[in-house]
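3D model of this:
(one chain, ligands or ions: 1)
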Amino acid sequence: MSRYSEKELESLTAAALRDGFCVLREHFSRATLERWREAFLPLLEKHVEEQGQLRNRGRERYYVTLPFREPFADSSIFEDDDVLAIVGRLVGEDAWMCQLATDTPLLGSEYQDVHRDAPPLFPETGQETPPFQLAVNFPLVDVTLQNGPFEVARGTHLLTKEEGWRRLAAGEVELEPITLRLGDVMIRDVRGLHRGTPNRTPEPRPMVVIGYSRRWLLRPEVSIRVPRAALDGLSPRARQLLRFNPVVESVDDAADTEVYQAFAY
Ligand SMILES: O=C(O)CCC(=O)C(=O)O
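Numbering: from 1, shown residues only. Next up, the predicted model:
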C-alpha cells in the first residue's frame, strides 16, 4: 500500500534525479527494523571475528551481506510499494534486486576517501547517463552527527568524478551529513560522491543497502543467494525482482568469503 500520491512520488523521483538522492521519512516499521538489528548484531560479530582482517571498507568499518532468510527476506521492506515506485521511475519497471547487505562503522572508524560506488558506463565520453544503479539505504539505529552519518555531495552523480572533486575542492559543492531516524529510507544514485564518516560512539551504526539495477546490468561482486525453499513463498513481483540471482539449496551454503572488495570508484 502506498503512502504517497503519484504527484509526491514524481516529486521524490525528481529530487533523486536532481540531487542524486531522496529521503522518505518515517517510512518503514521501527518494530520491524528493531528485529533486523537484533538478528544483525550476531552476524556482525561473526563477520568481525572471521573476516575482520579484510578491512575492506577502512578501519573498524564492515560490509556484511545479509542472508536471504527471516527476518531479512522481508517483502514489507524489499517490495515496499513507494520505494519500488521510485526505483521503477529511476531504473525501469523491469529493474532487479541484486544486493542485500549492510555497511557498519564502529568506534575507531575513520573518514573514507570520497568515492562513488560504481564506475561510469562510458568513461571515454566524459558524459554521465541516466541512473542505472541505486542503493536503497536505511539504518538499523538512529543516525546522528556522532555515530558516523553518510555524507554526500548533492548533484555530483551527473558529473565526472574529476569534475565532482574539482567542485568539492573549490567549495562549489559540499559534503552534507545525512542524519536519519530509524524508519527513514534514502534512495540514492550510487554515482553521487560520498564517504563514510567516523562513528564516535560505542554502538555500531548499521546501514542496510538494497541494490536495484537496470535489467541489463550485472555487478558480479554482489548477489543475493535465494534458497530454493523460499521461492514458493515469494510473490510474483518478488520472484521478478530476484530473477537474476543464484538459487541455492541453503543460505548456509553461501560462500563465506566476502568478494565485494573493490567498492570505491
Ligand atoms: O557509512 C556508510 O554507510 C557509507 C560507507 C560507504 O560509502 C562505503 O563503504 O562504500
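
For the rest of this, base every contact and every neighbour count on C-alpha atoms.
Will do.

near the ligand, which residues of the stretch 151-265 of the chain show up?
Neighbours of the ligand within the stretch 151-265 of the chain, by C-alpha under 6 Å from any ligand atom: 195-196, 207, 263.

Return the closest of these with respect to the ligand.
Of all these, residue 196 has the smallest distance to the ligand: 3.6 Å, by C-alpha to the nearest ligand atom.

which residues sit in contact with the closest one?
Residues in contact with residue 196 (C-alpha atoms under 8 Å, 6 or more residues apart in numbering) are 105, 110-112, 148-151.

now do 6 Å
111-112, 150 (C-alpha atoms under 6 Å, 6 or more residues apart in numbering).

For the residues of the stretch 151-265 of the chain next to the ligand, point out the one with the lowest pLDDT.
Of all these, residue 263 carries the smallest pLDDT score, 71.

Any idea how many residues pack against that residue?
Close neighbours of residue 263, defined as other C-alpha atoms under 10 Å, add up to 13.

can you start the count at 24 instead of 1 from here on
Yes, from this point I'll number from 24; that puts the last item at residue 286.

and the nearest residue to it once chain neighbours are set aside, how far is that from residue 216?
Closest residue to residue 286 apart from its sequence neighbours, by C-alpha to C-alpha, 6 or more residues apart in numbering: residue 140 at 5.7 Å. According to C-alpha to C-alpha, to the nearest Å, residue 140 and residue 216 sit 9 Å apart.

Against residue 104, how distant is the residue nearest to residue 98 when sequence neighbours are not counted?
Leaving aside its sequence neighbours, residue 98 sits nearest to residue 261 (C-alpha to C-alpha, 6+ apart; 7.5 Å). According to C-alpha to C-alpha, residue 261 stands 12 Å off from residue 104.

for residue 259, same thing?
Counting by C-alpha to C-alpha - residue 259 and residue 104 are separated by 14 Å.

So which of these two has more stuff around it?
Between residue 259 and residue 104, counted using other C-alpha under 10 Å, residue 104 has the larger neighbour count: 15 against 11.

now that one: how far from residue 28?
Where residue 28 is concerned, residue 104 sits at a distance of 11 Å (C-alpha to C-alpha).

before we move on, the earlier item: the residue nearest to residue 98 looks like it's in a helix, true?
Yes. According to DSSP: H, G, I helix; E, B strand; the rest coil, residue 261 belongs to a helix.

Please tell me how far it sits from the ligand.
Between residue 261 and the ligand the distance is 25 Å, computed by C-alpha to the nearest ligand atom, to the nearest Å.

Likewise for residue 57?
Residue 57 is 18 Å from the ligand, by C-alpha to the nearest ligand atom.

Now do the phi/psi pair for residue 100.
phi -100, psi -60 (degrees, to the nearest 10).

Could you do the one 10 residues further on as well?
Note on residue 110: its backbone torsions stand at phi -60, psi -50 [degrees, to the nearest 10].

What count of nearby residues applies to it?
Residue 110, neighbours per other C-alpha under 10 Å, totals 27.

Tell me where the chain has strands.
44-47, 84-88, 119-128, 156-162, 174-176, 198-200, 208-212, 217-218, 230-236, 249-250, 270-271 (DSSP state E).

Just send those strands back as TSV, with mean neighbour count too.
Listed next are those as TSV, based on neighbours: other C-alpha atoms under 10 Å:
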stretch	mean neighbour count
strand 44-47	20
strand 84-88	24
strand 119-128	24
strand 156-162	24
strand 174-176	23
strand 198-200	16
strand 208-212	24
strand 217-218	22
strand 230-236	23
strand 249-250	21
strand 270-271	16
